[in-house]
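Student: okay, structure incoming, though there's no sequence with it:
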Ligand code: CAA
């Protein structure tokens, strides 16, 4: 998602530094940006020169230090609290004291991430949806200590990026995944229990509810490991058995069948 966020920021005219842990991942991110912008060039919605200018506004780096002059950092590392906390602690020492530290987390506590820094008032959730260039929403999540000023700045920034900012408070899964993941998990239970085939479950939700993708296709698109991590956050956070992950989902993740990105999930790619 990081490359999608870099793309929309550069397209809105901002100078962007896209940082990842290896040159290989950065090259993959730049390739995704190129491909996504090229769709608009092909449809004559973007000129080639404009596309080059957007790409030219994105600098890449493997060193965290490259973010030291940023007025906002949007973190999009793996969905694991310990990894995110390490990144936030490092960003807190590297960036300017008034820089905002935002997280693109889909479910991890913004309050807890804020508490790993000396500036919890400037820590906020800025949750983009996949594919970032297409989806209109940014779910803005206020932690217990997030200031009104930080919230207003992030709201205004989201709008400059061409998105609609909708806010919620910091509880497990926020609003998006509090509602989405139990539906996906229930679809997996329906498959597990033989209520329907993958095609019938997805077809019923697509044709019957007008969803653009069926829940199993969407789970593959999000990544089954990400889905499991989010469901576990709901399960642990609320201590309510209604959020227990389906054993079939755990089995797929154990097998390394993670969806689209690994070539196999509920479907083959
Ligand atoms: N970059 C730029 N444009 C893209 C794109 C990308 N990566 N992917 C698709 N598009 C554009 C296409 O060019 C096309 O544009 P036009 O209609 O203007 O010509 C449009 O999106 C539709 O694409 P397609 O015709 O190729 O395919 P589609 O109609 O099946 O749409 C989709 C694809 C937009 C992904 C659609 O299937 C969809 O909306 N799916 C649901 C996505 C969703 O639910 N996302 C949220 C997931 S949850 C999440 O992200 C957060 C979390 O915490 C888990």
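Tutor: Looks like it arrived, so ask away. Worth saying up front: this structure is predicted, and the values here are computed from it rather than measured. Numbering: from 1, shown residues only.

Student: check contacts around the residue of the chain found nearest the ligand.
Tutor: Of all residues in the chain, residue 106 sits closest to the ligand, at 3.0 Å by CB to the nearest ligand atom. Backbone N, C-alpha and C define where each C-beta goes, glycine included. Residue 106 makes contacts with 79, 127, 173-174, 176-177, 226, 230, as judged by CB atoms under 8 Å, 6 or more residues apart in numbering.

Student: between which two of these is the distance greatest?
Tutor: With distances taken as CB to CB, the most widely separated pair in those is 174 and 226, at 14.5 Å.

Student: ok so, going back, now, the contacts of residue 106 that are in strands?
Tutor: With strands taken from DSSP state E, the overlap with the contacts of residue 106 comprises residue 127.

Student: reformat the contacts of residue 106 into TSV and put neighbour count, pLDDT and distance to the ligand next to each item.
Tutor: Supplementary listing: the contacts of residue 106 in TSV, determined by neighbours: other CB atoms under 10 Å; pLDDT from 0 to 100; distance: CB to the nearest ligand atom, whole Å:
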residue	neighbour count	pLDDT	distance to the ligand
79	21	89	9
127	24	98	6
173	22	95	9
174	23	96	9
176	18	97	6
177	23	97	5
226	22	95	6
230	27	95	6
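
Student: hmm, residue 92 is touching residue 118, no?
Tutor: Yes: taking contacts as CB atoms under 8 Å, residue 92 lies within contact range of residue 118: 5.8 Å.

Student: follow-up on the earlier one: tell me the secondary structure for the residue of the chain closest to the ligand?
Tutor: Assigned with DSSP: H, G, I helix; E, B strand; the rest coil, residue 106 falls in the coil class.

Student: likewise residue 59?
Tutor: The local conformation at residue 59, judged by three-state DSSP, is strand.

Student: wait, doesn't residue 203 sit right on residue 216?
Tutor: No: taking CB under 8 Å as the contact criterion, residue 203 and residue 216 are not neighbours in contact, 10.3 Å apart.

Student: quick one: which of the two has more around it?
Tutor: Set side by side, residue 203 and residue 216 give different neighbour counts by other CB atoms under 10 Å, the larger being at residue 216 (25 against 13).

Student: what helix or strand is the nearest residue to that one once chain neighbours are set aside on?
Tutor: In this structure, residue 216 finds its nearest non-sequential neighbour in residue 266, 4.1 Å apart by CB to CB, 6 or more residues apart in numbering. Secondary-structure assignment from DSSP states H and E places residue 266 in no helical or strand segment.

Student: again, but for residue 101
Tutor: Residue 101 belongs to strand 100-103, assigned by DSSP H and E.
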